[in-house]
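Novice: heads up, no residue letters with this:
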C-alpha cells in the first residue's frame, strides 16, 4: 500500500480504449493507495458523467482530464488537457467532432477486416464501446473473441497497426485548434508523453507553441529519460504532469500508479487556469 501522496494523471477507461469502467479505475486507485487521479480518455469526457461524484464518495481527489488526438504536419501528437470546466460548451462540442471523426474510421477498418476474411459486425464489438468512442482496441477485442488473433499485441502487429493490412489513417485536428479549445475551457494544455515523439523537428515546433506544460513522468521510462523532459519544463517554467497511461488488459504490462506526480505538482495543476 502506498503511504505518501501520489497521483496518476494519465489513464483510460471503457469510455475510450481502456478495459475498466471509471468507477473500477477509482476503486483500483483507492486499493493501491493513490491519493489523486485524472481519467484522460481519448477525445471524450464521458467518464466525468459519474467519475467526479464517485471519486468524492471514495475520498479520492480528481482533476478533470482528457487526451486529445491532433496532428502537426502529418505527425500524430497527443495533447492532455487538465483542470478545465466540465460545463464549458466549446470542449464538449470539440469532443463531439472527435466522436464523428472516429465514427467515420472504424467502419472502414471493419470493411478491410472482412476483405481479409475476418468479418466483424458492429454487434461483435464490446458493449462498452457503444457508450463512447469506438477505437482499434475495441476491434482488437472483438478479433480475439472471434478467434482471429490471440492477443491485442498480435492484432496490432499483424493487422491494425500503422502500415498493416487493416490500418486506416484517421483525420485529426490541428495542435493549435486543440490548445485553443482547452484554453477556452479554462484548462491547461500539456504535451503528452514527449518521450514517444521521435521526430526532432516536431519536438522543436511543439516546444515553441503555447502549451502550459509537458508530461515529464511516463510509465515506460525511467529517471534518465524523464530527466531530459523535466529539465526542459523547468527551463520554460512549464507545468509538469505524469502518469501511467494505464489501459487495463489492453496494456496489461502497465499498472495504474506505476508513474505518478507528488502532491506539490498535483496542487499546482489543480489550481492552474488560463
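Specialist: Happy to help now that I have it. Everything numeric here is computed off the predicted structure, so don't read it as measured data.

Novice: which regions of the stretch 51-200 of the chain lie under the pLDDT threshold?
Specialist: For the stretch 51-200 of the chain, the stretches with pLDDT under 70 are 127-132.

Novice: do that again at 90, thanks
Specialist: Where the stretch 51-200 of the chain drops to pLDDT under 90, the residues are 74, 101-104, 122-123, 125-138, 141, 152-153, 162, 169-172.

Novice: so after the longest helix seen in the chain, what's the next helix or strand?
Specialist: Determined from DSSP state H, the single longest helix within the chain is helix 89-115. Going down the chain from helix 89-115, the next helix or strand is helix 136-146, by DSSP states H and E.

Novice: so that following helix versus helix 89-115, what angle?
Specialist: Interaxial angle, helix 136-146 versus helix 89-115 (axes from the mean of the first three to the mean of the last three CA atoms, to 10 degrees): 30 degrees.

Novice: Now do the buried residues in helix 136-146.
Specialist: Under the neighbour-count criterion of 16 or more other CB atoms under 10 Å, helix 136-146 has 136-144 buried. No exception for glycine: its C-beta is placed from N, CA and C like everyone else's.

Novice: next one: stretch 257-274
Specialist: Neighbour counts using 16+ other CB under 10 Å place 257-261, 265-266, 269-270, 272 of stretch 257-274 among the buried residues.

Novice: what's it in contact with?
Specialist: By CB atoms under 8 Å, 6 or more residues apart in numbering, the surrounding residues in contact with stretch 257-274 are 2, 4-10, 29, 32-36, 61, 63, 82-83, 182-183, 186-188, 212-213, 217-219, 239-246.

Novice: Could you confirm residue 81 falls within a strand?
Specialist: Yes. Judged by DSSP: H, G, I helix; E, B strand; the rest coil, residue 81 forms part of a strand.

Novice: give me the number of residues near it?
Specialist: By other CB atoms under 10 Å, the residues close to residue 81 number 27.

Novice: What sits closest to it if chain neighbours are left out?
Specialist: Leaving aside its chain neighbours, residue 81 sits nearest to residue 182 (4.0 Å; criterion: CB to CB, 6 or more residues apart in numbering).

Novice: so which strand or helix has that neighbour?
Specialist: Going by DSSP H and E, residue 182 is part of helix 175-184.

Novice: Just the buried positions in that helix, please.
Specialist: Those would be 175, 178-179, 181-184, for helix 175-184 by 16+ other CB under 10 Å.

Novice: Kindly calculate the angle that it makes with helix 89-115.
Specialist: 140 degrees.

Novice: Correct me if wrong: residue 109 contacts residue 139.
Specialist: Yes. In this structure, residue 109 is within contact of residue 139 by CB atoms under 8 Å, at 5.9 Å.

Novice: Between the two, which contacts overlap?
Specialist: Contact criterion CB under 8 Å, 6+ apart; residues shared by residue 109 and residue 139: residue 160.

Novice: sorry, back to before: give the next helix or strand downstream of the helix holding residue 182.
Specialist: Note on helix 175-184: by DSSP H and E, the next helix or strand toward the C-terminus is strand 188-191.

Novice: Of the contacts of stretch 257-274, just the buried ones, PyMOL syntax please.
Specialist: Here is the PyMOL command that selects the buried residues among those (16+ other CB under 10 Å):
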select buried, resi 5+6+7+8+9+10+29+34+35+36+61+63+82+83+182+183+186+187+188+212+213+217+218+219+239+240+241+242+243+244+245+246
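
Novice: about what we covered before: any idea which of the buried residues of helix 136-146 is closest to residue 227?
Specialist: residue 137 (31.1 Å; CB to CB).

Novice: which secondary structure element contains the residue nearest to that closest one when sequence neighbours are not counted?
Specialist: Closest residue in space to residue 137, ignoring its immediate chain neighbours: residue 17 at 4.0 Å, by CB to CB, 6+ apart. Assigned by DSSP H and E, residue 17 falls within no helix or strand.

Novice: again, but for the one 10 residues further on
Specialist: Residue 27 is part of helix 22-31, with elements assigned from DSSP H and E.

Novice: Give me the contacts around that helix.
Specialist: Residues from elsewhere that reach helix 22-31 (CB under 8 Å, 6+ apart): 8, 11, 13-15, 18, 20, 37, 39, 47-48, 50-51, 54-55, 58-60, 62, 246, 256-257.

Novice: quick revisit: filter the buried residues of stretch 257-274 down to just the ones in helices.
Specialist: 265-266, 269-270.
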